[in-house]
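# only geometry, no sequence info:
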């Protein structure tokens, strides 16, 4: 049976894990917002800083992995505690991928000079706003072990899918109407896809938070129609 000292030490270890993941999430959120601001303002210097800053998110993920291995080896958590530790490990991997998607957006900024004035460019920040709010809210839900908040985050993924599908059709129309729009439209489409994937990852985090808090799988969510095949896969 665990002593009070052991329980306190385990809680402290969990607190450190939550803090590391919160820092990762904060940096990923900042990178997403910064990348979209740099896109709108054609700020190549800021875009370069976002690409460089992704290294810190990678370092934090590696630190989470070390902490999880140490915690399991020293504390031998079971049941609810083990579930939370393993959820933290998986969530760190998902947040790291969010950072990668933000980095990918930043890398494309230098390639979309021809997109100025295109309607899709003005829509991307609105899509990004939903995505960054999802990231922020789901990390808050993780720290608070709030299954209800996690469910609310997952519900917003449909709005992100709808944004992406609308942009896909708009950009496809641009490409069909004028071949000179193909290059810029393709880059904007990749940016929109990166945002859509961040939304998917935030939803995956929400599912992990829900499972860690309740021991149950979150009910399967409805996906938006896939513009390539006509319906969600």
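Looks like it arrived, so ask away. Predicted, not measured: the structure shown is a model, and the values here were computed from it.
# state the helix or strand in which residue 121 lies.
Using DSSP states H and E, residue 121 maps to helix 119-144.
# which other helices and strands does that helix contact?
helix 4-41, helix 79-108, helix 147-155, helix 157-177, helix 182-214 (3 or more CB pairs under 8 Å, 6 or more residues apart in numbering; DSSP states H and E). Heads up, the C-betas are built off the backbone N, CA and C, glycines and all.
# so residue 215 versus residue 84, what's the distance?
Distance from residue 215 to residue 84, counting by CB to CB, to the nearest Å: 11 Å.
# ditto for residue 47
Here the criterion is CB to CB. By it, residue 47 lies 36 Å from residue 84.
# kindly report the same for residue 23.
Distance check for residue 23 against residue 84: by CB to CB, it reads 18 Å.
# next: residue 162.
The gap separating residue 162 from residue 84 is 33 Å, by CB to CB.
# residue 125 too?
35 Å.
# so who does residue 133 touch?
Residue 133 sits next to residue 156 when contact means CB atoms under 8 Å, 6 or more residues apart in numbering.
# for it, give its distance to residue 72.
33 Å.
# then residue 90?
Residue 90 sits 14 Å away from residue 72 when distances are taken as CB to CB.
# kindly report the same for residue 147.
From residue 147 to residue 72 the distance is 24 Å (CB to CB).
# what does residue 195 give?
35 Å.
# more neighbours: residue 23 and residue 84, which one.
Higher neighbour count among residue 23 and residue 84: residue 84, with 21 against 17, using other CB atoms under 10 Å.
# the more buried one and residue 14 touch, don't they?
Yes: using CB atoms under 8 Å, residue 84 is in contact with residue 14, at 6.7 Å.
# ok, back up a step: rebuild the helices and strands packed on helix 119-144 as TSV, extending it with mean pLDDT and distance to residue 59.
Converted to TSV, the helices and strands packed on helix 119-144 look like this (pLDDT from 0 to 100; distance: least, CB to CB, whole Å):
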stretch	mean pLDDT	distance to residue 59
helix 4-41	88	10
helix 79-108	93	10
helix 147-155	96	26
helix 157-177	92	28
helix 182-214	93	19
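# same list (the ones you listed) but as JSON lines, adding distance to residue 58.
Formatted as JSON lines, those follow (distance: least, CB to CB, whole Å):
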{"stretch": "helix 4-41", "distance to residue 58": "9"}
{"stretch": "helix 79-108", "distance to residue 58": "6"}
{"stretch": "helix 147-155", "distance to residue 58": "24"}
{"stretch": "helix 157-177", "distance to residue 58": "25"}
{"stretch": "helix 182-214", "distance to residue 58": "15"}
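# to residue 51, which of these lies closest?
helix 79-108 (5.1 Å; CB to CB).
# which strands and helices sit next to the closest one?
Packed next to helix 79-108, using 3+ CB pairs under 8 Å, 6+ apart, are helix 4-41, helix 44-75, helix 119-144, helix 182-214.
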